[in-house]
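*Asks:* Predicted coordinates and the sequence they were generated for:
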Amino acid sequence: MLKIENIKELDGYFFQTYKFEVLKEKIIITNLKEEIKIEILYSENKRMKLIDKIYKQTGLKISLDKMNEKETLAFIQDKGFEKTLWSPIGRAMHDYEMIEDGDRVAVGISGGKDSLTVLNALIRIQKISSIKFEIFPIHIHPIEEGGNYGEIKDYCKKLGIELQVIETSIGESILTNSDLKNPCFMCARVRRGILYKEMQNQNINKLVLGHHKDDIIETFLLNVFYQGNMGVMKPAYISEEYGLKVIRPLAYVEEKETIRYAKKLNLPILHNDCPYEVSDNSKRLKVKKIIEELSKDSPNVRSVMLHSIKNLFA
């Protein structure tokens with residue numbers, strides 16, 4: 001991935017067998033091996049189309065360090081996600097009245113595919129709708145993982161917003177506590193508490209989380225199988241303790257779509273080294289495998305299951 005701030009930086013650049021020459025209104029790409037020249041006309045207000053053409057001709061992936069509003073929207077929307085991403089997000093936000101005029105909305109950024117996808121979705125809605133609201137991406141970062149969140153900060157800057165990072169030492173205390181039966185639940189709860197307090201400090205009234213359809217179904221089945229209750233992960237609810245509304249715009253989106261979207265846009269995923277995420281003893285992974293097996297015979301099983309528990313969201 002080549003990161004540039006403007007197209008002129010391509011002048012004289014070599015990639016594999018290609019050499020780039022940037023003129024006033026066109027780029028000349030020379031295949032040095034086959035001695036073939038390709039000319040691409042461009043203008044500064046259509047840089048995203050130019051980048052797409054260069055990728056198709058040479059395989060070179062280019063990322064702009066800074067984008068204007070039109071470029072940001074074009075980048076976020078991409079192609080092929082209207083039915084599987086933007087439409088279900090729109091339905092969920094409408095069904096649960098997630099965003100209103102004047103909202104100050106925090107987006108919990110874990111650095112994974114889902115949180116970055118939902119951040120993009122919020123920015124898209126901000127740009128295409130008439131609803132006026134503010135977005136505050138916040139990342140709770142365990143210091144045990146080191147300072148490897150730089151790419152996410154750069155990514156947010158590229159989209160025209162600033163990532164707030166709150167460093168904490170919760171990781172070590174939780175992972176070394178052998179008395180905890182569910183360290184993942186406790187870790188999420190502690191992080192959420194830190195987020196809530198920071199939101200109160202900044203007068204932020206809503207929190208966006210990146211949980212998707214698969215997360216909601218898996219959590220329900222985990223509660224049924226292992227806790228003996230029918231607790232659900234609601235698409236929207238009020239945290240009575242803090243007086244804040246928590247919303248999940250990806251509630252109708254399947255995980256495979258956030259995976260596809262993250263790969264297509266080459267999102268800067270912050271890989272999680274938590275041992276509980278990949279452990280063979282993970283109950284969530286076991287439930288995930290059960291759903292995957294069921295989907296082989298019934299591809300629509302996730303939607304069917306979500307529909308069956310909708311009455312529990314009230």
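*Replies:* The structure has been received and is ready for your questions. Not measured: the values here are computed from a predicted model.

*Asks:* and residue 111, how far is that from residue 196?
*Replies:* Distance, residue 111 to residue 196, using C-beta to C-beta, to the nearest Å: 19 Å. Using the backbone N, CA and C atoms, a C-beta is placed for each residue, glycine as well.

*Asks:* can you check residue 252 too?
*Replies:* 25 Å.

*Asks:* In terms of neighbours, single out the busier of these two.
*Replies:* A side-by-side neighbour count of residue 252 and residue 196, using other C-beta atoms under 10 Å, places residue 252 first with 23 against 19.

*Asks:* quick one: the more buried one and residue 90 touch, right?
*Replies:* No - judged on C-beta atoms under 8 Å, residue 252 makes no contact with residue 90 at a distance of 9.2 Å.

*Asks:* the helices in the protein, which residues?
*Replies:* In the chain, the helices defined using DSSP state H lie at 47-58, 69-77, 87-95, 113-128, 150-158, 170-175, 183-201, 213-222, 255-265, 275-278, 283-297, 301-308.

*Asks:* Stretch 268-287: end-to-end distance?
*Replies:* End-to-end span of stretch 268-287 (C-alpha to C-alpha, to the nearest Å): 28 Å.

*Asks:* Over to stretch 72-83?
*Replies:* End-to-end for stretch 72-83, by C-alpha to C-alpha: 20 Å.

*Asks:* So, low pLDDT: which residues of the stretch 151-300 of the chain?
*Replies:* By pLDDT under 70, the low-scoring segments of the stretch 151-300 of the chain are 170-185, 272-281.

*Asks:* per the record, what domains does this structure have?
*Replies:* 2-64, 69-313 (automatic domain parsing).

*Asks:* Deepest in the core, which of those domains is it.
*Replies:* Highest mean neighbour count among the domains of the chain (mean count of other C-beta atoms under 10 Å): domain 69-313, with a mean of 16.

*Asks:* Quick one: end-to-end length of that one, please.
*Replies:* Domain 69-313 end-to-end distance (C-alpha to C-alpha) = 36 Å.

*Asks:* What residues does the closest residue to residue 259 other than its chain neighbours make contact with?
*Replies:* Nearest residue to residue 259 in three dimensions, chain neighbours excluded: residue 113, at 6.2 Å (C-beta to C-beta, 6 or more residues apart in numbering). Residues in contact with residue 113 (C-beta atoms under 8 Å, 6 or more residues apart in numbering) are 258, 259, 261, 262, 267, 269.

*Asks:* I'd assumed residue 116 was in contact with the last one.
*Replies:* Yes - under the criterion of C-beta under 8 Å, residue 269 makes contact with residue 116 at 7.3 Å.
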